[in-house]
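**Student:** Let me see the structure of the following:
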Amino acid sequence: MTEHFQPRAEIVHGEDGRRVASADIKVAEEAARASLSVEAGHVPAGTREHLVDAVLDSPEVNSSRQIEVAIPIGDADMLHRIRERCDTTETRAAGASCLINAEAPTTPNQDRDA
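**Tutor:** Down below sits the predicted model:
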């Protein structure tokens, strides 16, 4: 299986320039794979949802039919946002991660917070 490594998606917190969330995105055949993480400690409200949106709206995911996402187990905000945006086909625990297999969204995010 050939994998193409893509740049990271990052969210940087305002004035101090501290990275608070990031995602690694890889494309393998017809599936995109993303591993999402959020830094420990306090992060601004909406950071987790914003990271999910950035990943799902990325060109790598938009060009794929399936997406495989790894998020920290117990991160309800990320899981909820993925379920809002995708047709989730399978969710399972694997160690300290929650693995999600879903169909990639067909349209970009259009202000789903409203």
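
**Student:** Okay, now the sheet partners of the helix or strand hosting Lys26, with direction.
**Tutor:** Secondary structure here is read from DSSP states H and E; on that basis Lys26 sits in strand 18-28. Note on strand 18-28: by DSSP bridges, its sheet partners are strand 3-5 (antiparallel), strand 9-13 (antiparallel), strand 31-38 (antiparallel).

**Student:** Which elements pack onto whichever strand or helix holds Asp53?
**Tutor:** Taking DSSP H and E as the criterion, the element that holds Asp53 is helix 47-56. With contacts defined as 3 or more C-beta pairs under 8 Å, 6 or more residues apart in numbering; DSSP states H and E, helix 47-56 has these neighbours: strand 9-13, strand 18-28, strand 31-38, helix 76-85. Backbone N, C-alpha and C define where each C-beta goes, glycine included.

**Student:** mind putting these in CSV, mean neighbour count and distance to Leu56 included?
**Tutor:** Listed next are the helices and strands packed on helix 47-56 as CSV, based on neighbours: other C-beta atoms under 10 Å; distance: least, C-beta to C-beta, whole Å:
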stretch, mean neighbour count, distance to Leu56
strand 9-13, 16, 10
strand 18-28, 18, 10
strand 31-38, 21, 9
helix 76-85, 18, 5
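
**Student:** So for Val69, which of the ones you listed sits nearest?
**Tutor:** With C-beta to C-beta as the measure, strand 31-38 is the member of the helices and strands packed on helix 47-56 nearest Val69 (5.0 Å).

**Student:** Could you export the closest one as PDB, CA atoms only?
**Tutor:** What follows is strand 31-38, C-alpha atoms only, in PDB (Å, rounded to 0.1, in the frame of the first residue of the first chain):
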ATOM      1  CA  ALA A  31      -8.600   6.400   2.100                       C
ATOM      2  CA  ALA A  32      -7.300   9.400   4.100                       C
ATOM      3  CA  ARG A  33      -5.900   8.700   7.600                       C
ATOM      4  CA  ALA A  34      -5.700  11.400  10.200                       C
ATOM      5  CA  SER A  35      -4.400  11.400  13.700                       C
ATOM      6  CA  LEU A  36      -5.700  14.300  15.800                       C
ATOM      7  CA  SER A  37      -4.200  15.500  19.100                       C
ATOM      8  CA  VAL A  38      -4.700  18.400  21.500                       C
END
